[in-house]
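Trainee: Task: produce atomic coordinates for the following.
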Amino acid sequence: MKVHFIAIGGSAMHNLALALHSKGYTVSGSDDEIFEPARSRLAAQGLLPAQTGWEPTKITTDVDAIVLGMHARKDNPELVRAQNLGLKIYSYPEYLFEQTKHKTRIVVGGSHGKTTVTSMIMHALRSAGIAFDYMVGAQLAGFDTMVSLQENTKIAVFEGDEYLTSPIDPRPKFHLYRPHIGIITGIAWDHINVFPTWDNYVEQFLTFANLIEPQGTLIYCAQDKTAASVALLAQDGISKKAYAEHPHVQIDGKCLLSTDAGNVPIPVFGSHNLQNISAALLACQEVGLSAAQFYAAMQTFAGAARRLQCIAGTNGTCVYYDFAHSPSKLKATTQAVKQQFPTQQLVACMELHTFSSLNKTFLPHYLDTMAAADEALVYFNPHTLQHKQLEEITPQEVQAAFGGNVQVFTDSTAMVQALQAYPHRNTNFLLMSSGNFDGVDIPALAQNLLRN
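Mentor: The predicted structure follows:
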């Protein structure tokens, strides 16, 4: 099988390329920019394009499939040539479905928590010795790639993103997977550049629920009113299972799950993670795992990269790094750290980086989302607004939108200096962004925060 990737350098795309290469496929690809870690990972397997840019000559009649990434445009010369030759063109999610259409598919959707729930399911299945295909949006300990597709598996576990499928397919990605077991972790408005109204955004999740295979299962968070309303309206030909925050206790600063077999210590914490555990448990039971197997696995679940990840710590101080950027994620993550360590100071810093977060009309949704922090910092780069062709916003407008004692920075150096000025003793630091604060060396910053 010969597969060509248009825009091979993307996070998801290069992982799928690596997975197919591992499967024995002949893989090629092109892109006009490839950054780390994709560059090194592709190079290590001999898949890095010899030069950057688009090369229509690579598109030949012997190519069995084209996988089209979101980074490409509709007029991409390789795409145009593939269309003219009549080649089979797949979007990323279409190809994942094609590879797993005869398997039991578990798809985790939701505005927040989907990476963590997917990771928990994967960790539990692997701990139980069950082989499976997967796609997840973060690097996990023990898994070499973020995508795996094998011939001898019967289960596929996918993180279901609601963002657009490809430049020529405006459907949300998670509409393509047609799960047997679908999960909705919660619904909070995001991606307003694609879903301009709340009702339009919620509609995508109802469509997802209605695309669950007949006699399948919808697992949803009953503590999220919108998710519960979607479940109520969803098709009748499926089983509907509600979940809530898993019963637990706190002992000596550790979180323990309350189970029929006694308390089970887990490395993660926070109300949202306890909800995530409940969702993952139900999904794993649907494919045959026992509660005992699941709880045993959760004792060694360290979490996904950049999901409340402690990247540096010493003497009661920890620097957490998280992908949180939307209002719901920001609030849940900040509250989780403060609730887990109520006697310690919490310094929280986030970056406005996405289209939604930098949109002036969306900013008011951030009101009090960092109220749990003792000190709150917000950073944004005015040049990013220009790049995204968004209306200018001022630090004063951002401060008013967040409320409270939030400090706003437009210079990352000044932001770093402000963070380093806080004493680290009896203090936790929480860094939240879907970017990298415009090139800040986060691991180095974390170490410096511990030395202050």
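Trainee: what about the strands in the stretch 201-350 of the chain?
Mentor: Secondary structure of the stretch 201-350 of the chain (DSSP state E, counting those that start in this stretch): strands located at 217-221, 239-243, 248-251, 254-259, 262-266, 309-314, 317-322, 345-351.
Trainee: give me phi/psi at Phe429?
Mentor: Note on Phe429: its backbone torsions stand at phi -110, psi 140 [degrees, to the nearest 10].
Trainee: That one against Cys318, yeah?
Mentor: Yes. With contacts counted by C-beta atoms under 8 Å, Phe429 reaches Cys318, the gap being 7.5 Å. To be clear about C-beta, it is placed using only N, CA and C from the backbone, and glycine gets the same treatment.
Trainee: To Leu87, which of the strands of the stretch 201-350 of the chain lies closest?
Mentor: Nearest to Leu87, of all the strands of the stretch 201-350 of the chain, is strand 217-221, at 36.1 Å by C-beta to C-beta.
Trainee: Each with direction, which strands does that closest one pair with?
Mentor: strand 181-184 (parallel), strand 239-243 (parallel) (DSSP bridges).
Trainee: So for that strand, mean pLDDT?
Mentor: With pLDDT averaged residue by residue, strand 217-221 scores 98.
Trainee: please begin residue numbering at 372 from this point
Mentor: Let's use 372 as the start, then, which means that last one is strand 588-592.
Trainee: can you map out the helices along the stretch 722-823 of the chain?
Mentor: 753-758, 766-773, 783-791, 813-822 (DSSP state H, counting those that start in this stretch).
Trainee: how about CSV for those helices, with mean pLDDT and mean neighbour count added?
Mentor: Formatted as CSV, the helices of the stretch 722-823 of the chain follow (pLDDT from 0 to 100; neighbours: other C-beta atoms under 10 Å):
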stretch, mean pLDDT, mean neighbour count
helix 753-758, 90, 13
helix 766-773, 97, 17
helix 783-791, 96, 16
helix 813-822, 91, 16
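Trainee: and the closest residue in space to Ala499 that isn't next to it in sequence, how many neighbours does it have?
Mentor: The shortest distance from Ala499 to any residue other than its chain neighbours is 4.9 Å, reached at Gln664 (C-beta to C-beta, 6 or more residues apart in numbering). Neighbour count for Gln664, taken as other C-beta atoms under 10 Å: 18.
Trainee: Equivalent analysis for the one 5 residues further on, please.
Mentor: When neighbours are defined as other C-beta under 10 Å, Met669 has 23 of them.
Trainee: give me the beta-bridge partners of the residue nearest to it when sequence neighbours are not counted?
Mentor: Nearest residue to Met669, sequence neighbours excluded (C-beta to C-beta, 6+ apart): Ile637, at 5.1 Å. Per DSSP bridges, the residues bridged to Ile637 are Cys626.
Trainee: how close does Ile637 sit to Tyr737?
Mentor: Counting by C-beta to C-beta, to the nearest Å, the gap between Ile637 and Tyr737 amounts to 30 Å.
Trainee: between Phe800 and Cys689, which one's more packed in?
Mentor: Phe800 (26 against 23).
Trainee: Now do that one, the pLDDT please.
Mentor: At Phe800, pLDDT is 97.
Trainee: can you check the one 4 residues further on too?
Mentor: Per-residue confidence for Ser804 comes out at a pLDDT of 93.
Trainee: Is the nearest residue to it once chain neighbours are set aside bridged to anything, and to what?
Mentor: Nearest residue to Ser804, sequence neighbours excluded (C-beta to C-beta, 6+ apart): Glu722, at 3.7 Å. With DSSP bridges as the criterion, Glu722 is bridged to Tyr750.
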